[in-house]
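Chemist: what follows is a predicted structure for the sequence shown.
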Amino acid sequence: MKITKTKAFNVFFKPIWESNPISGQILGICSALAVTVQIKTAVVMSLALTFVLAFSNLLISLMRKFIPRNIRIIVELTVIATLVIFADQVLQAFLYDISKQLSIFVGLIITNCIILGRAETYALGNPPFLSLLDGIGNGFGYSQILITVAVLREFFGAGKLFGFQVIPDAFYAAGYENMGLMVLAPGAFITIGLIVWLQKTVSKE
Amino acid sequence: MSNYIKSILFAAVLSLVCGSLLTLASTGLKEYQLKNIELDKHKNILKSVGLMSGQDSVSQETVGQLYSENIRQIWINVDGKIVPEQRKGKNDLSVYLFSQQGKIQAYIIPIHSRGLWGKISGYMAIKNDGATISGFTVYSHQETPGLGGEIERKWFQKNFEGKKILDDQGNFVSIAIAKGSVKGRIPESRQKNFVDGISGASMTGKFLSAGLKQTLTEYEPFSERFRKNEIK
């Protein structure tokens, strides 16, 4: 059997492009708008979300046979909230400046629909290993879009990449101007819209 | 019935496990977090007197060195007299002095003001003439990002530089945040006592203006002594 036909492969790679949580399922848009002005914050946010998503999927999948049906949402949220607070604490201890910039958006990972969505639809009904892969895959899918948007926004909005000036001063001297729209939330909205369009067109067949 | 008990038991065990894990993480990381907050405060003090700009990323050591070379914390009583640290009472106020070449260039007042959603904390540096603001920074607040949250941004804080806390006659009037831009709204002679406000965040401006006035009034005896050249 070819590797591309195995279940694990599909579980991992499908959410990265085909059923991408942001551009395919249109989930988790709010944080994608808020933290993508700079690449640095987008990368840290992506790592935090992937961490939470992978482990919440794994833990919930491990407990799936014991979780009482009537309180399952509460249980899922407790697990997610614990992981998010843990990630937030670690960021405050070791990446203080970035954690200040991300401000409330790390805490808001708790309400990110991707995580509860994956826990409900996948982790509750599948074994731990596949759930972990699904979590990481969806995390990467989210990260991929977030970082793409951040690259575009930082480049067109500030003329920088990773905080380094990439558009030479000569351009500015010649009359080039940064695009103010890209720094604001609508810039992200439009960029994500274009990515959704691109994706829908490419993967039509 | 047994289902209910099972649910309750499960919830209880889960809460216990999650709770203890978080407690463990929180206490374990506390030391690092406090160090970061301390460093951030030092950075803000340095920024308020222009020794550091907001953009550059500097190492912990450089901040520590810059701070210890230029900044000194002292305590003053309600009459603006300096009191030694060992004998400070609970009504005494903390103030930071920025000296260069043995001369005090500016003094830095910690600001704690009410905001719309929570406390706003920052620093205001005033030059040694006791009247001109040399810088203002905010290191913690809970205002709405994009609206009141703009108080932490460079453009807002830059407006304070060079403004006065005295009017033309030399009377204390504090500094206030205007509703919108200063130009055209405030009479010419009072413009130096106002900074541009943030559109969509007039409540934040109102609370911060009141907080600044209250704090500056408390430090007024100390500022007075600078104006009379009693402190060098």
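Modeler: In hand now; what should we look at? What you see is a predicted model, and the numbers here were worked out from it, not measured in a lab. Numbers count the residues shown, from 1 in each chain, chains lettered A, B, ... in the order given.
Chemist: check whether the longest helix seen in chain B contacts chain A.
Modeler: Ranked by residue count, the top helix of chain B under DSSP state H comes out as helix B:2-48. Yes. If you take C-beta under 8 Å from any C-beta of the partner chain as the test, helix B:2-48 does meet chain A, through B:3, B:6-7, B:10-11, B:14-15, B:18, B:21-22, B:25-26, B:29, B:32-33, B:36-37, B:39-40. Glycine gets a C-beta too; all of them are placed from N, C-alpha and C.
Chemist: by contact count, what packs against that helix?
Modeler: helix A:72-94, helix A:96-102, helix B:60-70, strand B:71-76, strand B:119-127, strand B:133-140 (3 or more C-beta pairs under 8 Å, 6 or more residues apart in numbering or on different chains; DSSP states H and E).
Chemist: distance of residue A:64 relative to chain B?
Modeler: Distance, residue A:64 to chain B, using C-beta to the nearest C-beta, to the nearest Å: 12 Å.
Chemist: which parts of stretch B:45-61 are buried?
Modeler: B:45-49, B:51-52 (16 or more other C-beta atoms under 10 Å in any protein chain shown).
Chemist: what pLDDT is listed against the most centrally placed residue in chain A?
Modeler: By C-alpha atoms, centre = their mean, chain A has its centre lying nearest to residue A:142, at 3.2 Å. On pLDDT, residue A:142 comes in at 90.
Chemist: surely it and residue A:28 touch.
Modeler: Yes. The pair residue A:142 / residue A:28 is scored as a contact, 6.1 Å apart, by C-beta atoms under 8 Å.
Chemist: pull up the overlap in contacts between those two.
Modeler: A:21-22, A:49, A:114 (C-beta atoms under 8 Å, 6 or more residues apart in numbering or on different chains).
Chemist: out of the residues you listed, name the ones that lie in helices.
Modeler: Checked against DSSP H, those include these in helices: A:49, A:114.
Chemist: among the shared contacts of residue A:142 and residue A:28, which pair sits farthest apart?
Modeler: A:22 and A:49 (11.0 Å; C-beta to C-beta).
Chemist: overlap of the contact sets of the two?
Modeler: What both residue A:22 and residue A:49 touch, as defined by C-beta under 8 Å, 6+ apart, is the set A:28, A:142.
Chemist: which residues sit against the lengthiest strand in chain B?
Modeler: Longest strand in chain B, counting residues (DSSP state E): strand B:103-114. With contacts defined as C-beta under 8 Å, 6+ apart, strand B:103-114 is touched by B:45, B:48-49, B:71, B:94-99, B:119-128, B:134, B:136, B:207-208, B:210-212, B:214-216, B:219, B:222, B:226, B:231-232.
Chemist: between it and helix B:2-48, how many degrees?
Modeler: Angle of strand B:103-114 versus helix B:2-48, following axes from the mean of the first three to the mean of the last three C-alpha atoms, to 10 degrees, is 150 degrees.
Chemist: around chain B, which positions in chain A sit nearby?
Modeler: A:34, A:66-68, A:70-71, A:74-75, A:78-79, A:81-82, A:85-86, A:89-90, A:92-94, A:96-97, A:100, A:103-104.
Chemist: so residue A:113 sits right up against residue A:26, yeah?
Modeler: No. Using C-beta under 8 Å, residue A:113 makes no contact with residue A:26, being 9.4 Å away.
Chemist: quick one: low-confidence parts of the chain?
Modeler: Since you didn't name a chain, this refers to chain A. A:1-3, A:103, A:204-205 (pLDDT under 70).
Chemist: if you could check chain B rather than the one you did, that'd help
Modeler: In chain B, residues with pLDDT under 70: B:1, B:54-57, B:146, B:232.
Chemist: tell me the spacing between the residue nearest to the spatial centre of it and residue B:159.
Modeler: In chain B, the residue lying closest to the centroid (C-alpha atoms, centre = their mean) is residue B:122, at 1.0 Å. Relative to residue B:159, residue B:122 is positioned 14 Å away (C-beta to C-beta, to the nearest Å).
Chemist: now do residue B:13
Modeler: The value you get for residue B:13 to residue B:159, if C-beta to C-beta is used, is 55 Å.
Chemist: before we move on, what about residue A:27?
Modeler: 40 Å.
Chemist: likewise for residue A:97?
Modeler: Distance from residue A:97 to residue B:159, by C-beta to C-beta: 24 Å.
Chemist: tell me which of the two has more neighbours.
Modeler: Between residue A:97 and residue B:159, counted using other C-beta atoms under 10 Å in any protein chain shown, the more crowded position is residue B:159 (20 against 15).
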